[in-house]
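Chemist: no sequence on this one, just coordinates:
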């Protein structure tokens with residue numbers, strides 16, 4: 001599916017998504033890339049900040065590109081770049097861009113350098129494509145979160161109580177970030193400081209999203225309150241695992257608050 005990472009001793013080709021970029025020197029840029037065959041690594045794009053650079057338009061954030069690189073002593077050098085998918089809406093719409101920033105930041109935090117994971121790469125590029133066109137962006141991200149967690153070894157356990165092992169009954173439950181899954185009502189009551197209330201509808205959606213292909217998940221239509229509950233549960237679990245808040249999450253919350261304030265102002269009587 002992907003090009004062989006090595007064409008000869010010094011030069012090699014790989015497909016990649018740009019996760020992060022930082023200015024480097026007067027005209028260069030240091031990029032953090034995620035690839036299907038080499039995992040995550042940093043590479044230098046020389047001269048890419050010059051107006052005449054041919055590579056600049058092919059190495060934007062979130063962009064999926066085919067690269068030719070030369071091995072360097074400390075950093076490999078991007079010598080050629082050709083965009084495969086630009087995901088243009090992700091740079092034209094602030095909300096879509098913020099969700100995309102969250103998607104790449106989440107992957108960046110969970111994966112170490114040089115650990116290849118082709119299914120994770122395929123999930124990333126599929127998610128970026130969905131964010132560029134889907135209407136329910138939150139649902140796209142919930143699917144991505146659950147499947148990233150599965151692919152990096154932190155799949156939440158949703159069918160049996162993580163404390164006592166009993167099969168969960170169709171009723172409201174609890175979720176424990178520390179234990180990595182759902183607690184039955186009895187065990188949840190025994191962990192009041194760490195157990196989060198989890199409604200039965202939210203549990204059903206989590207199970208559905210975790211076990212079904214995206215084509216089926218995309219047909220779901222969720223109430224705002226249910227969306228908010230799913231986000232709260234997964235965000236607290238992810239924050240517990242990473243031991244930090246993600247910058248893109250805070251920015252998304254800020255955008256939402258501003259949108260709500262704007263709507264309230266617009267509906268005030270004149």
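Modeler: Alright, I've got the coordinates. Model, not experiment: these values are computed from the prediction.
Chemist: Is residue 208 located within a strand, as I assumed?
Modeler: No - read with DSSP: H, G, I helix; E, B strand; the rest coil, residue 208 is helix and lies in no strand.
Chemist: ok, it to residue 214 distance?
Modeler: 11 Å (CB to CB, to the nearest Å). Heads up, the C-betas are built off the backbone N, CA and C, glycines and all.
Chemist: Would you enumerate the residues in contact with the residue most central in space within the chain?
Modeler: Centroid-nearest residue in the chain: residue 103, 2.3 Å away (criterion: CA atoms, centre = their mean). By CB atoms under 8 Å, 6 or more residues apart in numbering, residue 103 lies in contact with 124, 127, 128, 131, 141, 144.
Chemist: shouldn't the fourth one be in contact with residue 90?
Modeler: Yes - Residue 131 is within contact range of residue 90, at 6.2 Å (criterion: CB atoms under 8 Å).
Chemist: Give the residues shared as contacts by those two.
Modeler: If you check residue 131 and residue 90 against CB under 8 Å, 6+ apart, the residues they both contact are 96, 100.
Chemist: what residues are up against the nearest residue to residue 87 once chain neighbours are set aside?
Modeler: The shortest distance from residue 87 to any residue other than its chain neighbours is 4.6 Å, reached at residue 132 (CB to CB, 6 or more residues apart in numbering). By CB under 8 Å, 6+ apart, residue 132 lies in contact with 87, 88, 89, 90, 96.
Chemist: Does residue 222 touch residue 204 like I think?
Modeler: No - at 10.9 Å, residue 222 and residue 204 do not qualify as touching, with contact defined as CB under 8 Å.
Chemist: ok, these two, which is more surrounded?
Modeler: residue 222 (17 against 13; other CB atoms under 10 Å).
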